[in-house]
Structures are given as C-alpha cells and as structure tokens.
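> Structure, please.
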Amino acid sequence: MNNKMFNDIMLLFVLALLVRLSYLLFFVELEYLFTEDQSLYIHLAQQLPESGFLGVTPERVPGYPFFISTIYILFGESIWNVILAQILIDSISCVIIASMANSIFRKGFWTAGILSAINLNMVVLSVSILTDTLFLFLFVIFLFSLLKYLKNKQIKWLFLLVLFISMATLVRPSSYYLLPILLIGLVSWRLWRRDNILKIMSLTVLYLAVVGIILGGIHQRNYQQYGSTALISNTGPHLLNWVVPAVYQYSGKGSYQEGQKLARERLSSALKFDNLEMLPLNTFESSVYKANVGKEILFELGFLNTLKAWAVGSIINLSAPSAAYAPVVRLMDHPSFYETKGKGIVDKLFKYMANSSGFLYLSILVISTIMSIIFTILALFGAFKMFSALPPVTVSTLILLVCYFLTITGPIIGVKYRLPIEPILTLFATYFLNRIDRKNLINYVLHCLEIYPRLKV
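The predicted model follows:
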C-alpha cells in the first residue's frame, strides 16, 4: 500500500466517522435506544455472562448479544460505548466498500467511499442497538474476500470468506441459507474451470469445517435440548405473523390487518382440528406448527399471488426512503405504514399519504424516496454495463447475492432489510458513475425535461 492510498483510506474513514458522530450528536436521543428490539438485545447481553454463549434464547442467534456483552466488559456497561463501537466499525465498512470498488474497477475509491459515508441507511442503523451494523461489517469483509477469491483462487481468501459469512450468520440468520448455496456455487465454478477433483474436495472439507466450528455448537445445543436441527426457532412465527399478512395484502386480497386476522383464525382452527388446547411447549415444535399453517395459507393464495407479493415487497424495499427510519423523522406525527389499510400496495400508499397531514414529514419522505429511486436506477445501469467489461462470474455473483437477500426478505417491508445489498448497489452505481460521459448525461436529462430545447433557442 502506497502513501497516497493510505492517506485516502484514513481521510475516508475520518469523513465517515464525522458524518456518523454528527448524526449521533444532533439527531439521536437516549429514549430511542430502548425501543422495539433494541431493549431485547440489551437484555440478552446483560444475561449472557450468566447464561453463556449457548444460553441465549433459541429465537435469536447469540452473535450480537455477545458483541454488546464484550463491549460492556472492555469499556463499561454504557449503551454509548456500544454505539461508538458500531460507529467505528461502520466507518471501516465504508473503507472496505471503497477498497472493493478500487480493487475491481481500478478506480472509484472516492465515489464508492462517499456514497457509503453518506448512506443514510448505514448512518441511521449505526446508532441503533440492532444487529444490522455488525452484520454489514462482517458481510462486506466476506464480500471483499469472495471477490478476491474469484479473482485469484488463493486458499486464504476462501478461508476468510467462509469465516466471515459464518460469523455474519451468527449475528443475523438471514445469511444462513446462503451457506449451502455458496458452497454449491463455488464447487460448480471450480468444476467448470476443470480444476483437480481432489483439490475441490479438500476445499469443500475446509468450507464445511469452518462452518461447523462457527455454527456447530448452536446446532448441537438445539438438537440436544429441543430435538431440532434448525438454527433458530423464529421461522414459524415470522412466516405466519409477518409473511402471510404481507402476501395477503400485496397480492390484492385485502388489508394487512385482514391478513393478520386470517392467520390468527387459521392457527386457531388448526389447533382445534388437532385437538390441541395450545401450541407445543417446545419452541421449535411450536415454530414448525406455525410454519405449516402459514405454508397452507400461502398455498391457498396461490403461487402467482405469492410471487406478486414478493415482487412488490422487493420494489418497495429498493425504493423505500432511508430517512423514514431516522428517529427524528419517526417522532413526527404520521400514521403507521403497516396499520394503514388498503387492498394492494397502490391503495395503501395513497391512503398512507392522505393520512399523513404533516407537510415536513411528507416532504422528507418524497425527497428521500426520489433519492433512493435514483440510486437504485444508477445501480441497475451500472450492473448492466459491468457485464460487458468485467468477468461474468464476478457480475453474476454480485447480482445473485442481491437476488438472494431480496428473496429472503420477500414481502416484509423495511429499509433496514435493504442494508445487506447496499454495498453491492454502491459498487454498481460507482461503476456507472465512473464510466458515463457526464456532459452527455446532463444534456440528455435536460432534453428529457424539455429544458434543453428552450435553452438553445
């Protein structure tokens, strides 16, 4: 690393750090840090010294409570120490994303770095007691290692990519199903490259060994204590209580509230049919029972309706305004998006806007949404352009990762669910911005707005 690159890295780190510290100082209050899931993670972290790493509730993975507990031990039991630690690692995430752009494109360090430094989704979540910032940090290291491995096939990068995606799964289980998919993809790629079979087998053993060491303890505990091989016991409640109502609404069947009512009624009917007074006490058996009820409802709604809901959810999450999750905006007088009734997304959006009486809130929402849409469009153009200039395996891998997280999230709406794909979208947008003819682009935009013809007259 030369002096210029080192100086650029340090300058970008300081820039990202200042943005996050400024946001913390001016827009975050202590009361915000004890709302929703945030208080739960604080409670789990306080319990961890007594319960142990594997004593955390099976509904959650223990990585994030362990992180908070470690900060408490090292620097004292203050929530601000956790926030400062997250701000630091999120600033490092910006540097890693910028370094990825520079590594792939041979340029674009500052474009990707600035886009990441001012990414409001990253900034807001970095000062929240939620898993997202730590997960993103581990995920971008995985992504950096993966791209390096696809480029030079060095075993150290394979080890690092498996290590960090396993650690990321220990923080947030959304990447769990990525583990087998990634293994199949890497083996298929090595076979396509006609590599030695024995070498591919040894790399597979390494892959499985690292995953087993990181996640094996949780699986063993769940099997011994609950008779389940699942990673967490929250799959069924998530499917029945969140996915089903969202699919019901976004497929045009009715409101979200009606979907929730349907889920409750079908669960009650299933218990009566099976002559059960209550759900099984075993949390994993209870999860499986709820999951089966949820699957039956989705099957009845039909594949096309479910697919439509998944597509609508993905579009909303890609264009959702990050500002809506900021505490200062959430404290403004506004209706709940989930509680707003409406058949389908269009009807819901119109009613949500109509019920939002605050001009400032609506203005922030509209401006932030426009910015999110522009960013997504730039990323789509960048992805398209990359196919003709970069190795297909690199571009395909990045696109498949985006598709994976959109599929996992499905119809569940929330800007934080977009966070794992933000680094990839940033890479796409960076490539486009670094390759376009800016003068011609401005002329084209002016022409589309019918300003350019008038300016020439």
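> contacts and neighbour counts: CA atoms only from here.
Noted.
> Okay, Ile73 and Leu48: tell me how far apart.
Distance of Ile73 to Leu48, given as C-alpha to C-alpha, to the nearest Å: 11 Å.
> These two: which has the busier surroundings?
Leu48 (19 against 10; other C-alpha atoms under 10 Å).
> Please look at that one and Gly63 and confirm they touch.
No - in this structure, Leu48 is not within contact of Gly63 by C-alpha atoms under 8 Å, at 10.8 Å.
> quick one, strands of the protein?
Using DSSP state E, no strands are assigned anywhere in the chain.
> low-scoring pLDDT stretches of it, where are they?
1, 334, 338-339, 342-346, 348, 350, 352, 357, 437-457 (pLDDT under 70).
> rerun that using 50 as the cut-off
Residue ranges of the chain with pLDDT under 50: 452, 455-457.
> Tell me the helices and strands packed up against the longest helix anywhere in the chain.
What stands out as the longest helix in the chain, according to DSSP state H, is helix 197-226. Applying 3 or more C-alpha pairs under 8 Å, 6 or more residues apart in numbering; DSSP states H and E, we find helix 197-226 packed against helix 155-171, helix 178-192.
> hmm, 7 Å instead?
helix 155-171 (3 or more C-alpha pairs under 7 Å, 6 or more residues apart in numbering; DSSP states H and E).
> what's the overlap in contacts for Ile73 and Leu48?
Any residue near both Ile73 and Leu48 by C-alpha atoms under 7 Å, 6 or more residues apart in numbering counts here, and not one turns up.
> buried ones in the longest helix of the chain?
For helix 197-226, the buried set under the neighbour-count rule, 16 or more other C-alpha atoms under 10 Å, comprises 200, 203, 206-207, 210-211, 214-215, 218-222, 226.
> could you pull out the helices for the stretch 251-400 of the chain?
256-273, 283-301, 303-319, 327-330, 344-355, 359-386, 392-409 (DSSP state H, counting those that start in this stretch).
> Any idea which of the ones you listed gets closest to Leu11?
Closest of the helices of the stretch 251-400 of the chain to Leu11 is helix 359-386, at 24.0 Å (criterion: C-alpha to C-alpha).
> and that closest one with helix 303-319, angle?
100 degrees (axes from the mean of the first three to the mean of the last three C-alpha atoms, to 10 degrees).
> what angle sits between helix 359-386 and helix 392-409?
150 degrees.
> Which secondary structure elements does helix 359-386 sit against?
Other elements packing on helix 359-386 under the criterion 3+ C-alpha pairs under 7 Å, 6+ apart are helix 303-319, helix 422-435.
> Which one, of those, ends up nearest to Val124?
helix 422-435 (13.5 Å).
> Quick check: which of the helices and strands packed on helix 359-386 is buried the most?
Of all the helices and strands packed on helix 359-386, helix 422-435 has the most neighbours on average by mean count of other C-alpha atoms under 10 Å, namely a mean of 23.
> circling back: can I get the helices and strands packed on helix 359-386 in TSV with distance to Ser268?
Output for the helices and strands packed on helix 359-386, formatted as TSV (distance: least, C-alpha to C-alpha, whole Å):
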stretch	distance to Ser268
helix 303-319	23
helix 422-435	40
